[in-house]
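Student: kindly return the folded structure for what I paste below:
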Amino acid sequence: MRKIIVIFLFTIPVLTFGQVFKNIKIDEALANRGPEEPTICINYTDTNLVMAGVNIKTTYLSRDGGHTWTKRSAKSKYGVYGDPCIISTGSGKFLYFHLSLPKGQPYVHESFLDRIVCQYSKSDNKKFNKGKYMGHHPPKDQDKEWAVYDYDRNRTYVTWTQFDMYGSEDPNDKSVIMLSYSDNEGKSWSEAEVISKIPGDCMDDDQTAEGAVPAIGLKGEAHVAWANDEKIYFTTYVAGDSIKTEKVIAQQIGGWNQAIEGLNRTNGMPVTVSDMSNSPHHGSIYVCWSDQRNGELNTDIFITKTTDAGITWSEAQMINDDATSNHQFLPWLTIDQTTGYLYTIFYDRRNYDDNQTDVFVAVSKDGGATFTNHKISESPFSPIPQVFFGDYINISAHQGMVRPIWTRYEGGQLSVWTAILKGL
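Tutor: Next up, the predicted model:
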């Protein structure tokens, strides 16, 4: 019988702007073992069910809204190798996306990163099926996937970067943005398609096409933005139609690979969401990212918006409201599709002159016109460049319930945390 491990929790109240936020430690490990790159998702049909995942192959399930958690090691017939993404379907299933390692050792065996894998949860939401895949185009490498579910049409889109050869310095090797979809909650997937026409290189750096996150359009189309060569690109995918040429919707000064003291790399790639709620901003599409237009020592978080399906875009607006020249970084954006409220999580150093770091959530209830910033972490921490910190953090919101998730480094250990956010 498989043992279920109950994660022992710290619960610490945080007082910020008159509000108390309970911090909960989900898990921790020695720094060279993770956990990092966390994902979190509130179940669409039951908000008491919350699932999370971290590198390399660990998932967590809460049945009480994120207060307590059980831990499992993920397995798939195609291997599990990080970049977790978890979403909920209309029937209440969880879909768990990740990279592949069918055989051998990572970065060595030729099958490493040879496809994107999706596993769907079984009826008890404890276990996943053995996995289905998309984008199997050997010897090309598949990386940095994300997914979105269309509740009106039962369609799931997933987008990612395909490398001719990951890390190659050969100028003839290119990176492109890929897309696949499923109309049966992950049981089968369409043939993957290239949806970008302007390629990047394969160096996994500023000139690489990365950061594709899909959002649903009013007619069921997929809207996708990504970063490449200090620009944010955007396109719209409609199944059966010819692929449109992407357009530049914003400049990303300094590129998406940003230097932040204490980290060996920092990802400022864009995140795209759309408003499918009944709010006054129904149909709006938002893209959030970070860049260093205000100086290499002053990374900030920005957002742009379109109300006409991507034809025109607003000027980039800064989300963080600090008056300091310091870093805000690793943003993620989500939307509560029952209210239209936007929630952005990011790391923040506004209160310090060194590498001490807090976690903030910024909230907009007026379609991105204004944001209110809230510090949600109980105390600061200081990462070190010798420890890989991950390329993203995450946040989920549904029916007024908001659950962030982030990585923390302290005392030689990485840990992953959430917070019980009320009144935001």
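
Student: quick one: low-confidence residue ranges for the stretch 151-300 of the chain.
Tutor: Along the stretch 151-300 of the chain, the model assigns pLDDT under 70 to no residue.

Student: show me the strands in it, by range?
Tutor: 155-163, 175-182, 193-194, 210-216, 222-228, 231-237, 247-251, 271-274, 285-291, 300-306 (DSSP state E, counting those that start in this stretch).

Student: would CSV of these with mean neighbour count and distance to Lys375 be doable?
Tutor: Quick note: C-beta positions are derived from backbone N, CA and C, even for glycine. Formatted as CSV, the strands of the stretch 151-300 of the chain follow (neighbours: other Cβ atoms under 10 Å; distance: least, Cβ to Cβ, whole Å):
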stretch, mean neighbour count, distance to Lys375
strand 155-163, 26, 32
strand 175-182, 24, 35
strand 193-194, 13, 42
strand 210-216, 26, 25
strand 222-228, 27, 27
strand 231-237, 22, 27
strand 247-251, 17, 27
strand 271-274, 24, 21
strand 285-291, 26, 18
strand 300-306, 23, 14
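
Student: ok, Val416 to Phe94 distance?
Tutor: 17 Å (Cβ to Cβ, to the nearest Å).

Student: then stretch 329-344 to CSV, C-alphas only?
Tutor: Taking Å, rounded to 0.1, in the frame of the first residue of the first chain, the C-alpha atoms of stretch 329-344 are listed here in CSV:
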residue,chain,number,x,y,z
PHE,A,329,10.8,40.0,-10.0
LEU,A,330,9.4,36.6,-11.0
PRO,A,331,5.8,37.7,-11.6
TRP,A,332,2.8,35.5,-12.3
LEU,A,333,-0.7,36.7,-13.2
THR,A,334,-4.0,35.1,-12.7
ILE,A,335,-7.7,36.1,-12.9
ASP,A,336,-10.7,35.0,-10.9
GLN,A,337,-13.2,34.1,-13.7
THR,A,338,-16.1,34.5,-11.3
THR,A,339,-15.3,38.2,-10.6
GLY,A,340,-12.8,39.4,-13.2
TYR,A,341,-10.4,40.4,-10.5
LEU,A,342,-6.6,40.2,-11.3
TYR,A,343,-4.0,38.9,-8.9
THR,A,344,-0.3,39.2,-9.5
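
Student: flag every buried residue along that stretch.
Tutor: Across stretch 329-344, burial judged by 16 or more other Cβ atoms under 10 Å covers 329-337, 339-344.

Student: so for that stretch, mean pLDDT?
Tutor: What stretch 329-344 shows for mean pLDDT is 98.

Student: thinking again about what came up before, quick one: which of Val416 and Phe94 has more around it?
Tutor: Val416 (30 against 25; other Cβ atoms under 10 Å).

Student: is the more buried one in contact with Trp406, as I believe?
Tutor: Yes: under the criterion of Cβ atoms under 8 Å, Val416 makes contact with Trp406 at 7.2 Å.

Student: shared neighbours, the two?
Tutor: Listed as contacting both Val416 and Trp406 by Cβ atoms under 8 Å, 6 or more residues apart in numbering are Pro38.

Student: which non-adjacent residue is nearest Trp289?
Tutor: Pro270 (4.1 Å; Cβ to Cβ, 6 or more residues apart in numbering).

Student: measure the one you found to Ile303 for me?
Tutor: In terms of Cβ to Cβ, Pro270 sits 10 Å off from Ile303.

Student: pull up the overlap in contacts between these two.
Tutor: Shared contacts of Pro270 and Ile303 (Cβ under 8 Å, 6+ apart): 287-288.

Student: just to revisit the earlier point, can you lay out the strands of the stretch 151-300 of the chain as a markdown table showing distance to Ile24?
Tutor: As requested, those are exported to a markdown table (distance: least, Cβ to Cβ, whole Å):
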| stretch | distance to Ile24 |
| --- | --- |
| strand 155-163 | 29 |
| strand 175-182 | 32 |
| strand 193-194 | 40 |
| strand 210-216 | 26 |
| strand 222-228 | 32 |
| strand 231-237 | 34 |
| strand 247-251 | 35 |
| strand 271-274 | 24 |
| strand 285-291 | 25 |
| strand 300-306 | 24 |
